[in-house]
Each structure stands twice: as structure tokens, then as C-alpha cells.
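In: Need coordinates for the following:
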Amino acid sequence: MTAALIFEQILNGLQFGLTLFLMAAGLTLVFGVMGLINLAHGSLYMVGAFCCAWITQQTGSFWLGLGGGVLGAAAAGALIEMLVIRRLYDRDHLDQVLATFALILIFSEGTRMVFGSMPLYLNIPEALSGTVALPGVEAYPIYRLFIILAALAVAVLLYLLISKTRLGMRIRAGESDREMIAALGVDIKTLYTIVFALGAAIAGLSGTLVGALRSVQVGMGEPVLILAFVVIVIGGIGSIKGALIGSILIGLVDTLGRIFLPIILKVFMENASANSIGAALSSMLIYLMMAGILAVKPKGLFNAAN
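Out: The predicted model follows:
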């Protein structure tokens, strides 16, 4: 176990965590403003990845695919908000869960009908395909570093949007008292559509970025959705800052646990047992961390105002 290995895995954990942040930010924004539990958020992540993969195959340009993936996810989000989600705001959470779960099935089968069951593959663009030397790491993939920087840029832009713009003022007001801003003349339906499309676009961006590291396939959004819910529970429902801190915590704990727990356990037991037990324990670590945080702060690390 060397310092270079530890630092490299910390960077990998940061990259994984910030990818989760892109998924969780839209989810917590939608829940904070609309009070909506959107199980179909992972499907918008998948839509972004498939749009990116298809456009890239047709044009040969990853960057056009990236833009198309974000716009495709945003358009899909706006469409389902106007056709389906808008009818759920006054329903209880059980109705929201059932309706958005149905959307997962519709998106999955619709995607399978259009693109087939075989996964699509995205190539990392040539400009980002090499490695770069970092302090403590001789060669770290440029593309993973690009994901870290892109996610941090999105976090800064979200902060500026929510705290410094008129739209952000309306979003914050919508979190606090939606009836009052509607009475003051704000078109609440349009605001909700914009917020939902924004959340979908960020999820689509996450899907496009991850698609170049893994295969693009039907159902790819559901495992990430589970972790995104853990992120917003840890960070605090409705808090963008909480989503950022929570996602980084989960990324680091998950990545470092998977790498180093088996190594530590090999000191006490045979290699085969250490690998199997280490893998099981590492998958439990994030949920144990969530339980510990909630025991101390039942509402998460931050409130919706942060």
C-alpha cells in the first residue's frame, strides 16, 4: 500500500462522488421545490447517456453528443413534467412513487424498442484520452480529471444560479412558500417545468459523462438512483450544499472501502475470505455512515436553505 495508490484512489472516489452529485443535485432540487419523489430521475440519466451515444455514433463528435445528451434529457424532463408530473403535485407521496415507477418501466421499454437490448459504447474523446502526471501520481486519466472539474463547475454554476439570480430567488421562495409566490404573480407551473428540466439536464450530463467510462445500457440509471437518494438523505433534503458534501463522502467511503478493506482483512484471514468479506462490508459502509449521520442529525447535514 503506497502513498501513490492512496492518492489515486482518493481521486477516483472524488470523481465517483462528484458524478453522484450531478445525479443527486437535480433530485434534491426537484424534491425541495416541488415536494415530489421522482423515481424516474434515473431514467433521465439513462436518456442523456443514450442520446449522447447515438449522436456521437452519427456525427463522430463526442462534444455534439454531450450537448445533445444534456438537451435530450432536459426536453424529456420538461415533457414528462407537463404531461404526467404536473398532475401529481397535490397527490400524496405514494401516488407519486407509483406514477414515477411506471415512468421507469415506460422509459426502459421505450429505450429498448428504439435502441435494442445490446449496450452502446462511447469512446473517450481523443483530447481527453491520455494521462497526466499529478503530485503523488505518475499517470492519472485526463478524462476522470475532466469529470471532476466539470462537476465542480456545475456546482459553482448552481450556487450562482440559486443565490444570485432572479430565477434562483423564485426557486428559493418556492421551497419556502409556493402559495405565496403564486399569489404574487409568479407562474408556478412554468417555474416547476424549468426546475424539473434543469434537474433532468444535470442528470443527463451525469449520464453522458459516465457513459464514456462504462457501457450505455437499459436500466443503467436505477443503481445510481439508489445512491443519489442516500446522498440527499445524508446531505439534507433540498440542500445543494448537502448534496455536494454527501456525494463526496459516499464516493470516498465506497471507493476506499472497496480497495482497502480486503487488504486490511488479509492481515487476519485467508485471501479468499478477505476478498469476499471485504466486498460485502464495503457495500454496507455507505449505509452504516448514513445511519450514523442520521443518528446525530436526523434531518441531514444541512437544511434546504443551504
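In: Show me the strands in this protein, by range?
Out: Per DSSP state E, the chain carries strands over the ranges 131-134, 137-141.
In: Select, out of these, the one closest to S61.
Out: strand 137-141 (20.5 Å; C-beta to C-beta). Quick note: C-beta positions are derived from backbone N, CA and C, even for glycine.
In: Now find how far off-centre that closest one is within its chain.
Out: 25 Å (C-alpha atoms, centre = their mean, to the nearest Å).
In: what do you get for stretch 94-102?
Out: 20 Å.
In: For this protein, which segments count as helices?
Out: For the chain, the helices defined by DSSP state H occupy 3-34, 41-59, 62-83, 93-115, 142-164, 166-176, 178-183, 188-211, 221-235, 240-265, 271-296.
In: In CSV, list the ones you listed along with mean neighbour count and distance to A127.
Out: Below are these laid out as CSV (neighbours: other C-beta atoms under 10 Å; distance: least, C-beta to C-beta, whole Å):
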stretch, mean neighbour count, distance to A127
helix 3-34, 23, 18
helix 41-59, 26, 14
helix 62-83, 21, 9
helix 93-115, 15, 27
helix 142-164, 16, 8
helix 166-176, 16, 33
helix 178-183, 14, 44
helix 188-211, 25, 15
helix 221-235, 22, 26
helix 240-265, 21, 25
helix 271-296, 14, 34
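In: Which of these has the lowest mean pLDDT?
Out: Comparing mean pLDDT across the helices of the chain, the weakest is helix 178-183, with a mean of 69.
In: Nearest to F302, out of the helices of the chain?
Out: helix 240-265 (3.8 Å).
In: between the closest one and helix 3-34, how many degrees?
Out: 150 degrees (axes from the mean of the first three to the mean of the last three C-alpha atoms, to 10 degrees).
In: Tell me which residues touch the nearest residue to L225 once chain neighbours are set aside, please.
Out: Spatial nearest neighbour of L225, excluding adjacent residues (C-beta to C-beta, 6 or more residues apart in numbering): G42 at 3.5 Å. Neighbouring residues of G42 by C-beta atoms under 8 Å, 6 or more residues apart in numbering: 23, 104, 203, 220-222, 224-225, 228.
In: picking that back up, adding distance to A133, write the helices of the chain out as JSON lines.
Out: Listed next are those as JSON lines, based on distance: least, C-beta to C-beta, whole Å:
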{"stretch": "helix 3-34", "distance to A133": "11"}
{"stretch": "helix 41-59", "distance to A133": "29"}
{"stretch": "helix 62-83", "distance to A133": "24"}
{"stretch": "helix 93-115", "distance to A133": "39"}
{"stretch": "helix 142-164", "distance to A133": "11"}
{"stretch": "helix 166-176", "distance to A133": "39"}
{"stretch": "helix 178-183", "distance to A133": "51"}
{"stretch": "helix 188-211", "distance to A133": "23"}
{"stretch": "helix 221-235", "distance to A133": "31"}
{"stretch": "helix 240-265", "distance to A133": "21"}
{"stretch": "helix 271-296", "distance to A133": "29"}
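In: closest one to L128 among these?
Out: Using C-beta to C-beta as the criterion, the shortest distance between L128 and those is 4.4 Å, found for helix 142-164.
In: List the contacts of that closest one.
Out: With contacts defined as C-beta under 8 Å, 6+ apart, helix 142-164 is touched by 11-12, 14-15, 18-19, 21-22, 25, 124-125, 128-132, 134, 167-168, 171-172, 202, 205, 209, 212-213, 240, 244.
In: Also stretch 91-105?
Out: Under C-beta under 8 Å, 6+ apart, the answer for stretch 91-105 is 36-40, 42-43, 80, 84-85, 88, 222.
In: One more: stretch 7-18?
Out: 134-137, 140, 144-145, 147-148, 151-152, 155, 247-256, 259-260.
In: how does it look with 6 Å?
Out: Outside of stretch 7-18, the residues within contact range by C-beta atoms under 6 Å, 6 or more residues apart in numbering are 136-137, 144, 147-148, 151, 247-248, 250-252, 255-256, 259.
In: any idea which of those residues is closest to S61?
Out: Nearest to S61 among those, with distances taken as C-beta to C-beta, is I147, at 18.5 Å.
In: can you tell me how far that closest one sits from R87?
Out: 36 Å (C-beta to C-beta, to the nearest Å).
In: of all the contacts of G42, which two lie farthest apart?
Out: For these, the maximum inter-member distance is 14.7 Å, found between M23 and I104 (C-beta to C-beta).
In: List the contacts of the residue positioned nearest the centre of the chain.
Out: Nearest to the mean C-alpha position of the chain, by C-alpha atoms, centre = their mean, lies M23 at 1.5 Å. Taking C-beta under 6 Å, 6+ apart as the criterion, M23 is in contact with 203, 206, 224, 228.
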